[in-house]
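Peer 1: Below are the sequence and a predicted model for it; my questions follow.
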Amino acid sequence: MIKGARCGVRSFFSLLYVFRCECCRITYVKDKGAIALALVKIENLRKVYKTAEIEYETLKGMNFEVEEGDMFMILGPSGSGKTTLLNCLSGIDEPTSGAILINGVDIASLSDGEKTKFRAENMGFVFQAYNLINVLTVKENVALPLLARGLAEKIANEKAIEVLKAHGLDHVINKFPSQISGGERQRVAVSRALAGEPEIIWADEPTGALDTKTSFMVMDFMKELNEKNHQTFVIVTHDEKIIEYATAILRIDSGQIVSFKRVRESGDFARILEDERS
Ligand SMILES: Nc1ncnc2c1ncn2[C@@H]1O[C@H](COP(=O)(O)OP(=O)(O)OP(=O)(O)O)[C@@H](O)[C@H]1O
Ligand SMILES: [Mg+2]
């Protein structure tokens with residue numbers, strides 16, 4: 001359940017197509033008659049970068065859906081628009097046009113304050129370069145987004161310890177990022193993204209700085225959490241070796257969708273790879 005939609009009237013108003021909740025001041029847009037909404041729905045998404053001399057259309061009108069519980073992978077060559085797409089989806093960047101609905105919430109309809117709150121409560125982020133703060137311990141790094149959400153320091157620290165222990169990272173709790181391995185750093189970054197129990201985790205090249213063995217370790221870790229907690233991961237990568245973890249594979253090039261394949265059953269994956277090779 002997306003936080004911010006807790007007012008309890010949402011289910012009642014779900015019979016309507018559009019509803020603006022006066023309590024949390026969020027607009028819910030219901031799909032045409034659909035009972036279950038896609039967790040993320042992208043409609044004709046475009047992003048144009050403008051400089052003094054040129055306009056560069058990085059995303060050229062994309063349409064796709066991410067389902068709840070997906071390990072959704074976005075693949076494409078360098079410069080194809082993967083990071084731009086993820087930044088638009090996660091609200092780090094603003095699209096030029098098109099709609100992004102997250103569990104029916106039209107992100108563009110939120111004020112800056114609402115957007116920040118919505119992101120803090122519903123989203124976690126994992127980056128290629130880990131983005132851990134070196135002067136803080138692992139525990140303090142994981143507690144940081146919880147403090148940003150307004151939790152008291154003691155409670156945030158307790159929660160951070162609980163999450164790190166649950167993720168098998170007991171041995172690094174009081175260490176600094178410089179004192180742990182690359183794989184451990186990325187697992188800490190994933191723990192930090194998950195500490196607030198967000199509905200969606202956005203990950204930009206999470207295995208980009210890791211060797212093969214450590215990449216699989218980090219992916220096993222994310223997949224386990226995805227299966228256990230039903231959290232949805234949207235992962236941007238050009239690392240072909242991790243696509244076996246995907247439930248859906250979106251390939252893009254030059255800002256456009258090249259193909260989209262969904263893995264519904266075991267066996268589908270082998271067929272998808274065969275299709276792509278032929
Ligand atoms: N702020 C910006 N201003 C102008 N052009 C930009 C900006 N950010 C990205 N671009 C351009 O948009 C295109 C897509 O960039 P993006 O970073 O999304 O690619 P990517 O697929 O993530 O690449 P990589 O795999 O190398 O990380 C590139 O040609 C890039 O130069
Ligand atoms: Mg990128």
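Peer 2: Here it is on my side, so go on. Ligands and ions are numbered 1, 2, ... in the order given.
Peer 1: Just give the number of residues close to residue 242.
Peer 2: A count of neighbours around residue 242, defined by other Cβ atoms under 10 Å, yields 22. (C-beta placed from N, C-alpha, C; glycine too.)
Peer 1: For it, which non-adjacent residue is closest in space?
Peer 2: Nearest residue to residue 242 in three dimensions, chain neighbours excluded: residue 219, at 5.1 Å (Cβ to Cβ, 6 or more residues apart in numbering).
Peer 1: Would you map the strands across the stretch 51-200 of the chain?
Peer 2: Taking DSSP state E, counting those that start in this stretch as the test, the strands found in the stretch 51-200 of the chain are 55-66, 71-75, 97-102, 105-106, 123-127, 200-204.
Peer 1: List the pairing partners of the longest one within its sheet, with orientation.
Peer 2: Looking at strand 55-66 with DSSP bridges, its partner strands are strand 40-50 (antiparallel).
Peer 1: and what of the third one?
Peer 2: Based on DSSP bridges, the strands next to strand 97-102 in the sheet, each with its direction, are strand 40-50 (antiparallel), strand 105-106 (antiparallel).
Peer 1: buried set for the top helix by length along the chain?
Peer 2: Identified as the longest helix of the chain according to DSSP state H is helix 212-229. Burial within helix 212-229, assessed by neighbour count using 16 or more other Cβ atoms under 10 Å, is assigned to 214-219, 221-223, 225-226.
Peer 1: got it, and stretch 74-90?
Peer 2: So, applying 16+ other Cβ under 10 Å, buried residues of stretch 74-90: 74-76, 80-90.
Peer 1: for residue 236, what are its contacts?
Peer 2: 73-74, 82-83, 85-86, 203-205 (Cβ atoms under 8 Å, 6 or more residues apart in numbering).
Peer 1: Let me have the residues you listed in JSON lines, adding distance to ligand 1 and pLDDT as columns.
Peer 2: Output for the contacts of residue 236, formatted as JSON lines (distance: Cβ to the nearest ligand atom, whole Å; pLDDT from 0 to 100):
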{"residue": "73", "distance to ligand 1": "13", "pLDDT": "96"}
{"residue": "74", "distance to ligand 1": "9", "pLDDT": "97"}
{"residue": "82", "distance to ligand 1": "4", "pLDDT": "95"}
{"residue": "83", "distance to ligand 1": "3", "pLDDT": "93"}
{"residue": "85", "distance to ligand 1": "7", "pLDDT": "96"}
{"residue": "86", "distance to ligand 1": "8", "pLDDT": "95"}
{"residue": "203", "distance to ligand 1": "13", "pLDDT": "93"}
{"residue": "204", "distance to ligand 1": "7", "pLDDT": "93"}
{"residue": "205", "distance to ligand 1": "7", "pLDDT": "90"}
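Peer 1: For the residues you listed, work out which two are farthest apart.
Peer 2: 73 and 83 (14.1 Å; Cβ to Cβ).
Peer 1: The residue of the stretch 101-250 of the chain found nearest ligand 1 - how many residues pack around it?
Peer 2: Here the stretch 101-250 of the chain gets closest to ligand 1 at one residue, residue 238, 5.4 Å apart by Cβ to the nearest ligand atom. As a burial measure, residue 238 scores 14 neighbours (other Cβ under 10 Å).
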